[in-house]
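>>> Need a 3D model of the sequence below.
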Amino acid sequence: MGDAGELDIDALLLPGKRKYTFRELAEQGGIDVEDLRVWWTSAGFADLRDDDQKAFTRDDVAIVKDLAELYHSGAVESQDVVPAAQSLGQAMYRLAEWQSGMVKQYLDAADDAGIKDPLGGAAKVIDRMENLQAHIWRRHLATALQRIVTLEDTDALTARMAVGFADMVGYTRLSRGLAVEELNTLVATFEARMQSVIYGGGGWIIKGVGDEVMFAAEEPAAAARIALELQAPHEYPELDAIEIEFPQLRVGMAYGEVLQRYGDLFGSVVNLAARLTSAARPGTVLIDDNFTQAVAEAPDLGTKSLRAYRARGFRAVHPHLLRYSKDAVAAMEAEAAEAAAAEAAAAEAAAAEEAVETDAQPVEKSKKK
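Now for the predicted structure:
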């Protein structure tokens, strides 16, 4: 796109004149200036102590009024301000970093196409992204709230669930030899695979850090099937194109009561799942005793008890190897054989049809003569 200085970011994203200082923002919004400062900086923004700097618009005032209402209604406790603002700020920062590239891509395409009003089109793109993320947030909130309100006789901060980690084997060594673009493709492929399998299997992702994803599911059997599906062979054409193999995974899971706090999970169950992940061999899934008992009646799942070992923070860890039951494996092999036979028959039929068409071509030509 042309000169970056020509792009009016305020007009695109922050409508209205910047006419309030930080102190005036707090006064207009009806909140103590120091309370607002704690919230503002915890959300990841710079601490503006220069009361002569006009940095805020009428929209900022409206949002601070909403924040003040949350304070006054009792929905936000004083001890929750910092962690809540940090969680929100971190999530929005990552989202903004990703979406800024999307907006820039649109502006570049509009510039190449000679569109006269690219900012107008960009504004529509941003509005649609805002509506999309608001809707996704509401759907996630509905799911999270449903989990909380259905947990009778249980503190809303705690819940019994299966917690797992999926870790790429050899990621550090592999990443050293990759170009930035190749590393980006690998990480994007890993994240896409995790999201597809985990959300598709009825679980949800707690967080991801480069080569590892932490996930959870209410039902242990659902979590078990997610873990086994993560280990199943899969085609990755985007990695084949750059001649990179998808790394093997280690998966460890535990089941029990956890503390839920600002979208994260805490407690010994989480720590045990992490220890099991570290101990798992590449391509395998390890689970704890509680998890093993919880899936004992699942006909498609099987476990094998392994030797106990000591781990940091635990006197003894008794791991179990999770796998499909013999009957489930036999059924999957039969299904795969049936699919392969059907594919071979279809290929044979297509080849036969092509041969008939080829043989018929000279006859048609001789008739024309």
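>>> okay, A347: pLDDT?
Here the pLDDT value assigned to A347 is 78.
>>> which SS state does it fall under?
helix (DSSP: H, G, I helix; E, B strand; the rest coil).
>>> how far away is it from G302?
35 Å (Cβ to Cβ, to the nearest Å). Heads up, the C-betas are built off the backbone N, CA and C, glycines and all.
>>> quick one, which of those two is more surrounded?
G302 (18 against 10; other Cβ atoms under 10 Å).
>>> Touching, the more buried one and K326? I think so.
Yes: using Cβ atoms under 8 Å, G302 is in contact with K326, at 7.0 Å.
>>> which residues of this protein fall in strands?
158-168, 204-209, 212-217, 249-261, 264-266, 285-287, 301-305, 309-311, 314-317, 320-324 (DSSP state E).
>>> The third one - contacts with which helices or strands?
Using 3 or more Cβ pairs under 8 Å, 6 or more residues apart in numbering; DSSP states H and E as the contact criterion, the elements in contact with strand 212-217 are strand 158-168, helix 180-200, strand 204-209, helix 220-231.
>>> Could you rerun that using 6 Å?
strand 158-168, strand 204-209 (3 or more Cβ pairs under 6 Å, 6 or more residues apart in numbering; DSSP states H and E).
>>> Just the mean pLDDT for the longest one, thanks.
Averaging the model's pLDDT scores along strand 158-168 yields 93.
>>> Please enumerate residues in contact with it?
With contact meaning Cβ atoms under 6 Å, 6 or more residues apart in numbering, strand 158-168 is reached by 151, 211-218, 220, 223, 227, 230, 247, 249-255, 257, 259, 265, 269-270, 273-274, 277.
>>> quick one: low-confidence parts of this structure?
1-6, 50, 147-156, 357-369 (pLDDT under 70).
>>> residue ranges for the helices of it, please.
9-13, 22-29, 33-42, 58-73, 81-112, 118-149, 171-176, 180-200, 220-231, 237-240, 268-279, 289-294, 326-368 (DSSP state H).
>>> To R312, which of those helices lies closest?
Closest approach to R312 among the helices of the chain is made by helix 268-279 (7.1 Å; Cβ to Cβ).
>>> Using PDB, list the CA coordinates for the closest one.
What follows is helix 268-279, C-alpha atoms only, in PDB (Å, rounded to 0.1, in the frame of the first residue of the first chain):
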ATOM      1  CA  SER A 268      -2.700 -31.400  41.200                       C
ATOM      2  CA  VAL A 269      -4.700 -32.900  38.300                       C
ATOM      3  CA  VAL A 270      -3.200 -30.400  35.900                       C
ATOM      4  CA  ASN A 271       0.300 -31.000  37.300                       C
ATOM      5  CA  LEU A 272      -0.100 -34.800  37.100                       C
ATOM      6  CA  ALA A 273      -1.200 -34.500  33.400                       C
ATOM      7  CA  ALA A 274       1.900 -32.500  32.700                       C
ATOM      8  CA  ARG A 275       4.200 -35.100  34.400                       C
ATOM      9  CA  LEU A 276       2.500 -37.900  32.400                       C
ATOM     10  CA  THR A 277       3.100 -35.900  29.200                       C
ATOM     11  CA  SER A 278       6.800 -35.700  29.900                       C
ATOM     12  CA  ALA A 279       7.000 -39.400  30.600                       C
END
